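Student: Need coordinates for the below:
(one chain, ligands or ions: 1)
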Amino acid sequence: MIQFIDLGCLDPLSAGIKYGTAAKASIYKNIETTYLRLKKIGIDEETCLAEARQWADQCPADYLTEIEGLAIGSAARVEDIWLLNFRIEIAQPRQADLLARKKDTSIITEAPACTLFSIRNEDGYLQATGQNLDGLAAVENCLVVTRRLTETGETLVSIQEAGVVGPSIGVSSVGFSLVYAGLIMESCKNRRDGTPLRAFFHRLLTQKSFGAVMSSMLESPPPYAVASILNGRVENRVAVVEFLGEGVTVRHSNARIETHANHATMPSATRSLFERHLPDSLQRDKRLALLLADSDKIDTEYLKNALSDHENFPASICLHPRDKLAPIRRASTLCGAIMDWREGILHVSDGRPCHEQWRAFKIPVT
Ligand SMILES: [Zn+2]
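Tutor: A predicted model of the protein is given here:
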């Protein structure tokens with residue numbers, strides 16, 4: 001069950017302690033799973049900890065302070081909480097290397113995938129954005145929804161794995177939202193430095209306007225290949241962004257529908273590896289675009305059904321774990337999320353969107 005934690009306007013250390021205390025059991029489960037999944041791609045515990053420390057050195061102080069609070073609240077080692085927060089930076093160069101060296105094009109069944117969308121209404125105004133957030137089935141029920149109040153009165157709501165500070169999905173009361181999906185390019189073999197991805201999106205979520213988001217984003221992009229759909233409700237803006245090793249590509253969009261999955265779609269000097277080994281990425285992207293284009297009357301129920309779609313099952317938009325795989329290799333949709341801008345409500349499914357309950361979180365968009 002997704003846990004909701006209200007962090008109010010606590011300072012980073014107190015917020016971390018409250019979050020860590022409330023989500024202790026899920027944090028332990030996530031730590032245990034993270035060591036197992038990194039071991040599976042050849043990274044031992046000693047290397048994990050050494051690299052987590054290096055990434056911590058590149059992380060903003062307030063983010064590290066909240067991590068410290070999380071360690072106190074959950075009674076875990078601070079190094080283990082670093083690992084949860086910097087896991088993707090540690091894993092991506094190895095995953096890219098493994099995939100680039102792979103001679104065949106066999107499918108990587110355990111690769112977590114995500115499918116993103118943004119939709120405007122018939123008058124061209126932003127209606128909704130969201131995604132299916134996929135991950136290892138082993139961390140099902142380890143998601144948390146946090147709500148924070150900033151010093152200047154904005155509300156920030158985000159969804160992330162327990163123990164992680166920065167959002168996987170984030171919405172703020174200034175009308176900004178972010179959703180993103182991992183990419184893997186050949187260039188990801190080369191480790192890059194910079195603000196870790198979760199801390200990068202944590203910073204974006206606190207920006208006061210869409211213009212400020214764009215400036216902040218381009219000033220110091222993350223050292224991780226990722227695709228994102230960003231919404232500015234007040235400015236009625238949509239940007240589809242791909243952050244790659246060779247640079248950031250931004251496509252501002254007036255289209256009614258935007259979708260994105262796990263393959264790069266914009267010109268790039270390096271090869272995208274996901275579509276070779278995760279071909280369902282192409283299908284999920286096209287399928288969601290088709291579903292959203294197929295009706296001129298789209299409401300939240302319609303979007304919930306689109307995120308519950310099972311074409312190409314089990315590698316469908318709603319991803320189901322494959323029983324034949326070892327538990328640590330099974331991927332699954334962990335939740336579906338839809339930010340309905342018309343009503344100012346973030347809808348989140350408590351597990352896979354096809355059969356779990358949906359919960360609603362009010363976001364007072366100003
Ligand atoms: Zn399903």
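Student: The stretch 251-366 of the chain against the ion: which residues are in contact?
Tutor: Taking C-beta under 5 Å from the ion as the criterion, the neighbours of the ion within the stretch 251-366 of the chain are 318, 352, 354. Heads up, the C-betas are built off the backbone N, CA and C, glycines and all.
Student: Out of those, who's the most crowded?
Tutor: The member of those that has the most neighbours, counting by other C-beta atoms under 10 Å, is residue 318 with 25 neighbours.
Student: host element of the residue of the stretch 1-150 of the chain found nearest the ion?
Tutor: Distances from the stretch 1-150 of the chain to the ion, computed as C-beta to the ion, single out residue 132 as the nearest residue at 9.3 Å. Residue 132 is part of strand 126-136, with elements assigned from DSSP states H and E.
Student: next one: that strand to chain centre, how far?
Tutor: The offset between the C-alpha centroid of strand 126-136 and the centroid of the whole chain comes to 9 Å, using C-alpha atoms, centre = their mean, to the nearest Å.
Student: same for that strand, what does it pack against?
Tutor: Packing partners of strand 126-136 (3 or more C-beta pairs under 8 Å, 6 or more residues apart in numbering; DSSP states H and E): strand 114-120, strand 169-172, strand 176-182, strand 226-232, helix 300-307, strand 331-340.
Student: Need the residues of the stretch 251-366 of the chain next to the ion in CSV (columns: secondary structure, pLDDT and distance to residue 85).
Tutor: As requested, those are arranged in CSV below (DSSP: H, G, I helix; E, B strand; the rest coil; pLDDT from 0 to 100; distance: C-beta to C-beta, whole Å):
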residue, secondary structure, pLDDT, distance to residue 85
318, coil, 95, 27
352, coil, 95, 25
354, coil, 95, 30
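Student: would you list the helices and strands packed on strand 126-136 in JSON lines and tack on mean pLDDT and mean neighbour count?
Tutor: Supplementary listing: these in JSON lines, determined by pLDDT from 0 to 100; neighbours: other C-beta atoms under 10 Å:
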{"stretch": "strand 114-120", "mean pLDDT": "96", "mean neighbour count": "26"}
{"stretch": "strand 169-172", "mean pLDDT": "98", "mean neighbour count": "27"}
{"stretch": "strand 176-182", "mean pLDDT": "97", "mean neighbour count": "26"}
{"stretch": "strand 226-232", "mean pLDDT": "97", "mean neighbour count": "23"}
{"stretch": "helix 300-307", "mean pLDDT": "96", "mean neighbour count": "19"}
{"stretch": "strand 331-340", "mean pLDDT": "95", "mean neighbour count": "26"}
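Student: Is it possible to get a markdown table of the ones you listed that adds distance to residue 71?
Tutor: Output for the helices and strands packed on strand 126-136, formatted as a markdown table (distance: least, C-beta to C-beta, whole Å):
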| stretch | distance to residue 71 |
| --- | --- |
| strand 114-120 | 28 |
| strand 169-172 | 23 |
| strand 176-182 | 26 |
| strand 226-232 | 26 |
| helix 300-307 | 34 |
| strand 331-340 | 24 |
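Student: of all those, which lies closest to residue 88?
Tutor: Go through these one by one with C-beta to C-beta and the one that ends up closest to residue 88 is strand 176-182, at 6.9 Å.
Student: I'd like to know how far the residue lying closest to residue 233 once chain neighbours are set aside sits from residue 36.
Tutor: Leaving aside its sequence neighbours, residue 233 sits nearest to residue 175 (C-beta to C-beta, 6 or more residues apart in numbering; 3.1 Å). Plainly put, residue 175 is 39 Å away from residue 36 if you go by C-beta to C-beta, to the nearest Å.
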